[in-house]
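Asks: Structure here, sequence nowhere to be found:
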């Protein structure tokens, strides 16, 4: 007697289950966007943009996020590379330290920054910064805490941790063998890094930058604590939403939220476009 | 000539003690051993990529034991090619020369010469993504040979290739050797590689060399 031929059961229930569970979240997100958009007719969005305070917040948000994303990359690349390629004493401790901004409530990061600037060294830094501003003849910015530098520092403190993580995973995924080959071809470690490792990490760089930028745009708690919410000075878009809500101006709060969504989507799409394999390929091909 | 004298390497529980062998100038040596026998480790030690505990490495008459990998003047072809994926085939081939600050015309001439020797002229302006296994190994070989090193180290260069490509590569390696006069050390577990290519065969067993 031969066994009857085995026929696997249908795949339909499996994929139906996946689609149903995943679909719930995608629908929730789409619902949020649609609700915001339908709550704010374009004239209202336009009106919100006419306000000097909101225009200032848009401008400050855009360039402070860009600056803090660049600063994040500046520390994320060396840390990510060292952590990925080298074993050293105290590595586990550094590893733990680097995750603190990720696990800590952002509000606590802001509070800790404030406390840091109340210590002797913090005060010293503040004074040195003031003298530097005076020497440079800068009038717009007067100090670190409760001023624009605090906004950037608060964004950077949290965003950099995400950039560090991204860069570390990026370098982990690039086989060290390629840098070793570069060493045998006559490079020193610096040349192997600049010519081989970093160009191969370009996608990771873009991802880390986007993540840090988006994270900075969404930062609220630490900015409120460390930089305050002074209109036309330290007000960024997330602060605006909070300020408008607190005075009961729901329409403006939603309009600004929508603005943030549009800005975030624009940056994500832009980075995806320039980060596509085809466009990166064009950059290296003659 | 490749001379390895009393080489010892210790890494955790892994030990190689007193490994010695000589590959005469212009000869093609095959170092055989099982997976985990430490043959790749020996190659890396010669290339300067692994710290050694004792012994000496002499390449082309120069004691390079304390030299950095880049000062040892050797070509290294790792197992999977390890091509630089952010560059074109041309840039891969010319890499060692641009590090040495050769003028552009000289680099171009050398790259064309290498591409001709290895039969990859049609690939020069492609990126390395999408190259076949055989093509990638040709590029890796060319990149290693670019700066005219007297010594060539190959780590299982043919292990990932299909039968036909492997046969082609045997012919190519032989002609490269005849044309360049390079002294080669080729690490493998494949007896066929040894049979087809070797002038000298060494076997690494239990941390010792038997020839």
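Replies: Great, that's in hand. Owing to the predicted nature of the structure, the values given are computational and were not obtained by experimental measurement.
Asks: Any idea how many residues pack against residue A:100?
Replies: As a burial measure, residue A:100 scores 13 neighbours (other CB atoms under 10 Å in any protein chain shown). Heads up, the C-betas are built off the backbone N, CA and C, glycines and all.
Asks: And the lowest-mean-pLDDT helix or strand in chain B, what's buried?
Replies: When each helix and strand of chain B is scored by mean pLDDT, DSSP states H and E, strand B:208-210 comes last, with a mean of 81. Within strand B:208-210, the residues scored as buried using 16 or more other CB atoms under 10 Å in any protein chain shown are residue B:209.
Asks: could you say what helices and strands that strand packs with?
Replies: Applying 3 or more CB pairs under 8 Å, 6 or more residues apart in numbering or on different chains; DSSP states H and E, one finds that strand B:208-210 contacts strand B:14-23, strand B:200-205.
Asks: so how far is the last one from its chain's centroid?
Replies: For strand B:200-205, the separation from the chain centroid amounts to 17 Å (computed by CA atoms, centre = their mean, to the nearest Å).
Asks: Quick check: neighbours of the least confident helix or strand of chain B in the sheet, parallel or antiparallel?
Replies: Strand pairing for strand B:208-210, using DSSP bridges, gives strand B:200-205 (antiparallel).
Asks: quick revisit: now the least confident helix or strand of chain B, how far from the centre of its chain.
Replies: Worked out by CA atoms, centre = their mean, strand B:208-210 lies 21 Å from the chain centre.
Asks: same deal with stretch B:76-87?
Replies: Counting by CA atoms, centre = their mean, stretch B:76-87 comes out at 11 Å from the chain centroid.
Asks: That stretch spans what distance, first to last residue?
Replies: Terminal residues of stretch B:76-87 are spaced 18 Å apart (CA to CA, to the nearest Å).
Asks: and if you look at stretch A:169-188?
Replies: End-to-end distance for stretch A:169-188: 23 Å, by CA to CA.
Asks: Just confirm yes or no for that stretch near chain B.
Replies: Yes: counting by CB under 8 Å from any CB of the partner chain, chain B is contacted by stretch A:169-188 at A:175, A:177, A:178, A:180, A:181, A:182, A:183, A:184, A:185, A:186, A:187, A:188.
Asks: Among these, name the buried ones.
Replies: The neighbour-count criterion (16+ other CB under 10 Å) marks A:177, A:178, A:180, A:181, A:182, A:183, A:184, A:185, A:186, A:187 among the residues of stretch A:169-188 next to chain B as buried.
Asks: Following the chain past the helix or strand hosting the third one, name the next helix or strand.
Replies: Counting by DSSP states H and E, the element that carries residue A:180 is helix A:177-184. Where DSSP H and E defines the elements, the next helix or strand beyond helix A:177-184 is helix A:189-192.
Asks: If we go by neighbour counts, what in that following helix is buried?
Replies: With the criterion 16+ other CB under 10 Å, helix A:189-192 contains buried residues A:191, A:192.
Asks: Quick one: list the elements packing against it.
Replies: Counting by 3+ CB pairs under 8 Å, 6+ apart, helix A:189-192 packs on helix A:177-184.
Asks: contact partners of the helix it packs on?
Replies: Contact with helix A:177-184 is made by A:85, A:189, A:191-193, A:195-197, A:200, B:44, B:47-49, B:68-70, B:72, B:74-76, B:78, B:80, B:82-85, B:95, B:143-144, as judged by CB atoms under 8 Å, 6 or more residues apart in numbering or on different chains.
Asks: Just the buried residues of those.
Replies: A:191-193, A:195-197, A:200, B:44, B:47-49, B:69-70, B:72, B:74-76, B:78, B:80, B:82-84, B:95, B:143-144.
Asks: surely residue B:137 meets residue B:159?
Replies: No: using CB atoms under 8 Å, residue B:137 is not in contact with residue B:159; the gap is 10.1 Å.
Asks: So for the two, which residue has more residues nearby?
Replies: Between residue B:137 and residue B:159, residue B:137 has the larger neighbour count (other CB under 10 Å), namely 27 against 15.
Asks: Return the distance of the more buried one relative to residue B:83.
Replies: Going from residue B:137 to residue B:83 by CB to CB, to the nearest Å gives 9 Å.
Asks: just residue A:123 next, same as before
Replies: 54 Å.
Asks: Which of the buried ones among the contacts of helix A:177-184 fall within strands?
Replies: The members of the buried ones among the contacts of helix A:177-184 that map onto strands under DSSP state E are B:74, B:75, B:76.
Asks: Please enumerate the helices of chain B.
Replies: B:39-47, B:89-99, B:104-118, B:133-145, B:163-180, B:191-197 (DSSP state H).
Asks: Spatially, which two of the buried ones among the residues of stretch A:169-188 next to chain B are the most separated?
Replies: A:177 and A:186 (16.6 Å; CB to CB).
Asks: tell me, which of the ones in strands among the buried ones among the contacts of helix A:177-184 make contact with chain A?
Replies: Answer for these near chain A (CB under 8 Å from any CB): B:74, B:75, B:76.
Asks: Give me the nearest residue to the first one, chain neighbours excluded.
Replies: Read it as residue B:74. residue B:151 (4.3 Å; CB to CB, 6 or more residues apart in numbering or on different chains).
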